[in-house]
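Enquirer: Kindly generate the corresponding structure for this input.
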Amino acid sequence: MEKKPSLTSVIARTSLLAATLLSSQLCLAAGDAVEPGAAEQTDIQGKASFALGPDGKGVVRLPSLSNKSPRAVNMPPGTNALMRAAVQGDLARIDEELDAGVDINEQDPNGYTALAHAAGDKKLESMRHLLDRGARVDLAENFGATPLMQSITAGHYEGAALLLERGAKVNARLKRSRTTPLILAAWHGHPRIVELLLAKGADIAHRNQGGSNALMTAIQRRHASVADLLLKRGSPFDLRTVTGRSTLEIAAAVNDGAMTARLLKLGMAVDARNKLGVTAAMRAASENATDGLGVLVAAGADVNARSKNGTSVLMMAASNGADKAIHLLVKHGAEVEARHPELGATALMWAVGGKQMRAVKALLELGADANAQDELGRAPLMVAANLGRADIVKALLNAKANPALQDRQGKTALDWAREKNRKNVIAILQAQASGS
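Expert: Numbers count the residues shown, from 1 in each chain. Presented below is the predicted three-dimensional model:
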């Protein structure tokens with residue numbers, strides 16, 4: 001006789017499926033787009049940081065070393081007097097060091113030269129002076145960031161202009177991510193610098209290792225003025241990253257309704273799918289991005305679309321606690337009781353399994369059946385009891401969930417709570433049974 005899978009094992013399968021949706025299918029994990037500061041690799045001296053940038057790699061950030069900062073005096077080990085003079089704007093000391101024989105292109109342990117330090121700290125006169133004295137304009141630090149990239153990261157237009165005037169490579173690339181100055185400027189939202197780079201021949205179509213170009217990067221970061229400029233200059237837009245995200249998905253997921261509408265007007269297909277069957281509406285719903293989702297729905301997006309593994313838009317919203325998206329989807333025809341073809345679970349079960357109280361509340365308000373059972377006879381109350389979520393248990397009981405329901409193993413919600421020793425849930429269910 002075939003052994004029936006346990007509730008715990010099926011919950012694990014559901015959790016794994018949800019995890020897959022979040023990381024692989026919806027591509028929301030690191031490696032797709034992570035903001036600087038969200039995950040950083042500090043260099044060997046702990047001074048500069050290599051921040052994960054567009055599609056997860058390649059934004060170098062040099063901290064401020066201005067004379068208002070203690071670091072202008074107390075710089076990290078490995079920096080020399082020339083570098084300190086550069087960030088302090090002390091031109092006389094720069095000359096003293098150089099006249100004494102210091103190598104103008106000497107690099108600290110992180111690969112930064114005096115010029116790179118000055119560029120990252122917006123010291124224009126130091127930069128000009130060092131360049132006049134023979135500093136190499138494109139000598140990169142350990143990750144491949146040039147002084148031009150340091151100026152761009154710092155948002156220093158004048159510094160970037162000076163370096164370009166002196167021959168800096170406009171299409172230089174970081175080693176790991178192939179990020180260019182233009183993508184970096186788009187990431188940080190510097191339209192004047194973007195304009196400057198384009199005027200100097202920046203490759204508007206270049207895509208980094210993750211498959212993002214400058215336009216996709218600007219949209220991801222919600223830098224509307226930069227995205228507008230790039231579109232006007234003819235940037236390619238109907239693209240996908242290596243993880244399958246389209247430009248339309250990016251715009252919708254960051255809740256940029258105006259850009260979502262613009263891309264649709266330019267001809268992007270509203271229900272286009274990646275290789276896993278994910279649409280822009282699915283991504284927007286998962287992010288609770290109702291501005292982007294609303295534009296997609298108004299343009300005819302299928303609110304009952306399913307990915308290749310059978311997960312619906314509503315299920316994705318539910319598993320991510322996207323309560324506003326749930327209301328919007330149901331208002332426009334999403335089927336509340338639609339079931340997953342393999343698990344037999346409704347959106348409510350996805351919400352409960354994901355411990356998403358807001359989604360549970362939204363679905364119950366919209367009439368979701370609190371007693372719907374999946375292929376193994378599991379009801380939402382059993383899953384909530386198993387997880388020890390007293391708040392969800394109470395919400396389900398208030399919605400007339402039946403604590404006496406049994407799954408195919410003959411177990412009730414109370415049985416599952418006892419098996420996991422969920423004392424708070426046990427007390428609630430016992431009180432319910434006694435009528436107190």
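
Enquirer: quick one, what contacts the nearest residue to residue 159 once chain neighbours are set aside?
Expert: In this structure, residue 159 finds its nearest non-sequential neighbour in residue 151, 3.6 Å apart by CB to CB, 6 or more residues apart in numbering. For every residue, glycine as well, the C-beta is placed using N, CA and C. Under the criterion of CB atoms under 8 Å, 6 or more residues apart in numbering, the contact partners of residue 151 comprise 119-120, 122, 159-160, 163.

Enquirer: Please identify the buried residues of stretch 383-396?
Expert: Residues 383-390, 392-393, 395-396 are the ones in stretch 383-396 that count as buried (16 or more other CB atoms under 10 Å).

Enquirer: do stretch 288-305 as well
Expert: For stretch 288-305, the neighbour count (16+ other CB under 10 Å) marks 288-297, 299, 301-303, 305 as buried.

Enquirer: next one: stretch 412-422
Expert: Applying a neighbour-count criterion of 16+ other CB under 10 Å, one finds 412-418, 422 buried in stretch 412-422.

Enquirer: for stretch 268-286, same thing?
Expert: Result for stretch 268-286 [16+ other CB under 10 Å]: buried residues 268, 270, 273-274, 276, 278-286.

Enquirer: Please narrow the residues you listed to those residing in helices.
Expert: Among the buried residues of stretch 268-286, the residues falling in helices (DSSP state H) are 280-286.

Enquirer: want to throw the residues you listed into JSON lines with distance to residue 194?
Expert: Below are those laid out as JSON lines (distance: CB to CB, whole Å):
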{"residue": "280", "distance to residue 194": "25"}
{"residue": "281", "distance to residue 194": "30"}
{"residue": "282", "distance to residue 194": "31"}
{"residue": "283", "distance to residue 194": "26"}
{"residue": "284", "distance to residue 194": "26"}
{"residue": "285", "distance to residue 194": "31"}
{"residue": "286", "distance to residue 194": "30"}
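
Enquirer: So which of the residues you listed is the closest to residue 334?
Expert: The closest of those to residue 334 turns out to be residue 285 (CB to CB; 9.0 Å).

Enquirer: wouldn't the closest one be in contact with residue 313 here?
Expert: Yes - under the criterion of CB atoms under 8 Å, residue 285 is in contact with residue 313, at a separation of 5.1 Å.

Enquirer: what do the two both touch?
Expert: Between them, residue 285 and residue 313 share the contacting residues residue 329, judged by CB under 8 Å, 6+ apart.

Enquirer: helices or strands up against the strand or helix carrying residue 194?
Expert: In this structure, residue 194 is located in helix 191-199 according to DSSP states H and E. Helices and strands touching helix 191-199, by 3 or more CB pairs under 8 Å, 6 or more residues apart in numbering; DSSP states H and E, are helix 157-165, helix 181-188, helix 224-232.

Enquirer: Packed most tightly, which of these would that be?
Expert: Among those, the stretch with the highest mean neighbour count (mean count of other CB atoms under 10 Å) is helix 181-188, at a mean of 30.

Enquirer: list the helices and strands that one packs on?
Expert: Counting contacts by 3+ CB pairs under 8 Å, 6+ apart, helix 181-188 packs against helix 147-153, helix 191-199, helix 214-220, helix 224-232.

Enquirer: I'd like those as a markdown table, with distance to residue 87 appended.
Expert: Formatted as a markdown table, the helices and strands packed on helix 181-188 follow (distance: least, CB to CB, whole Å):
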| stretch | distance to residue 87 |
| --- | --- |
| helix 147-153 | 12 |
| helix 191-199 | 21 |
| helix 214-220 | 29 |
| helix 224-232 | 28 |
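
Enquirer: mind putting the ones you listed in CSV, mean pLDDT included?
Expert: Compiled in CSV, the helices and strands packed on helix 181-188 are given as follows (pLDDT from 0 to 100):
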stretch, mean pLDDT
helix 147-153, 98
helix 191-199, 98
helix 214-220, 98
helix 224-232, 98
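
Enquirer: Now residue 316: closest residue in space that isn't a chain neighbour?
Expert: The spatial neighbour of residue 316 that comes closest, neighbours along the chain excluded (CB to CB, 6+ apart), is residue 286 at 4.7 Å.

Enquirer: nope, residue 266 is what I meant
Expert: Taking CB to CB, 6+ apart, and ignoring the residues beside it in sequence, residue 266 has residue 237 as its nearest neighbour in space, at 6.3 Å.

Enquirer: Tell me, how many residues neighbour the one you found?
Expert: Neighbour count of residue 237, defined by other CB atoms under 10 Å: 21.

Enquirer: Fine, thanks again, bye for now.
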